[in-house]
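> for reference, the sequence and a predicted model appear below.
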Amino acid sequence: MLHSRLISALAATLLVACSSVPTPPAFSTRTDVSQLLSLQKTRLDVAAPVARSKWNSHAPIDDPAREQAILDNVGAQAQKLGIDAQWARSFFQDQFDAGKIVQRDLHRQWKLEHRPPFANPPDLAHEVRPVLDRLTPELLAVLARLNGRWCEPDVAGALDELAPEILGADYAPPVQEKATQALRCR
Ligand SMILES: C=C(O[C@@H]1C=C(C(=O)O)C=C[C@H]1O)C(=O)O
């Protein structure tokens, strides 16, 4: 008798303890969306050093061979993570295009200012591109956690709320829209 009362008291305590734990899915979804947008922002931040390097070297903003190599790697890695390869490629193409809006805006501004070459331009191949290459697997890992969930209300809601906050801190709406295009519920 005493034994069974003790068990039901313990069970009741456990029930109370479990129900007071915050719901982890909503919390981790918001964290994942925030992390994704922060990584996208970090990638966009690399556009300015890329633009400085190309301003000095007169290299074109578009480098289709480099883009193709990244996309082929992205497609292969995405498949291993269970992400649709074509979707992952279009997400990364959007990141390239968003970064190129930033690069073009800077070159346009420097042209108007008759800006001379930069004194210490970053080395594109040895300093700048390695930063972008390190971001690729990090982006793919978060994308794998959010894979196919873009129409879930907590994912779409976090995206709507956090994109203007995180990307909008430094980037205009056209850049934000391009960078988040593949993430929208369709
Ligand atoms: C960032 C660069 O400029 C462009 C954008 C790229 C990117 O975002 O990864 C890749 C090649 C270029 O078309 C670059 O040349 O490295």
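Sure, I can see it. Residues are numbered from 1 along each chain as shown.
> for residue 135, grab the count of nearby residues.
Applying other Cβ atoms under 10 Å, we find 16 residues neighbouring residue 135. C-beta coordinates here come from the backbone N, C-alpha and C atoms, glycine included.
> can I assume it is in contact with residue 42?
Yes. The criterion here is Cβ atoms under 8 Å, and residue 135 meets it with residue 42 at 6.3 Å.
> ok, residue 53 to residue 132 distance?
The gap separating residue 53 from residue 132 is 12 Å, by Cβ to Cβ, to the nearest Å.
> and what of residue 107?
Distance from residue 107 to residue 132, by Cβ to Cβ: 19 Å.
> before we move on, what about residue 60?
17 Å.
> these two: which is more packed in?
The neighbour count for residue 60 versus residue 132, taken as other Cβ under 10 Å, is higher for residue 132 (18 against 8).
> quick check: residues of this protein near the ligand?
50, 62-63, 66-67, 70, 95-96, 99-100, 129, 132 (Cβ under 6 Å from any ligand atom).
> among the residues you listed, which ones are in helices?
Per DSSP state H, helices hold the following members of these: 50, 66-67, 70, 95-96, 99-100, 129, 132.
> which of the residues you listed count as buried?
50, 70, 95-96, 99-100, 129, 132 (16 or more other Cβ atoms under 10 Å).
> how about the contacts made by the residue most central in space within the chain?
In the chain, the residue lying closest to the centroid (Cα atoms, centre = their mean) is residue 40, at 3.1 Å. Contact analysis of residue 40 by Cβ atoms under 8 Å, 6 or more residues apart in numbering lists 95, 98, 139, 166-167, 179-180.
> repeat that for residue 55.
106-107, 110, 115, 117-118, 121.
> out of those, which are inside helices?
Reading helices off the contacts of residue 55 with DSSP H, I get 106-107, 110.
> highest neighbour count among those?
residue 106 (19 neighbours).
> tell me if I'm right that that residue and residue 44 touch.
No. Using Cβ under 8 Å, residue 106 is not in contact with residue 44, being 12.0 Å away.
> quick one: pLDDT of residue 23?
Here the pLDDT value assigned to residue 23 is 50.
> for the one 4 residues further on, same thing?
pLDDT recorded at residue 27 is 72.
> please apply the same query to residue 67.
For residue 67, the model assigns a pLDDT of 99.
> what's the nearest residue to it if we skip its chain neighbours?
Nearest non-adjacent residue to residue 67, counting by Cβ to Cβ, 6 or more residues apart in numbering: residue 96, 5.5 Å away.
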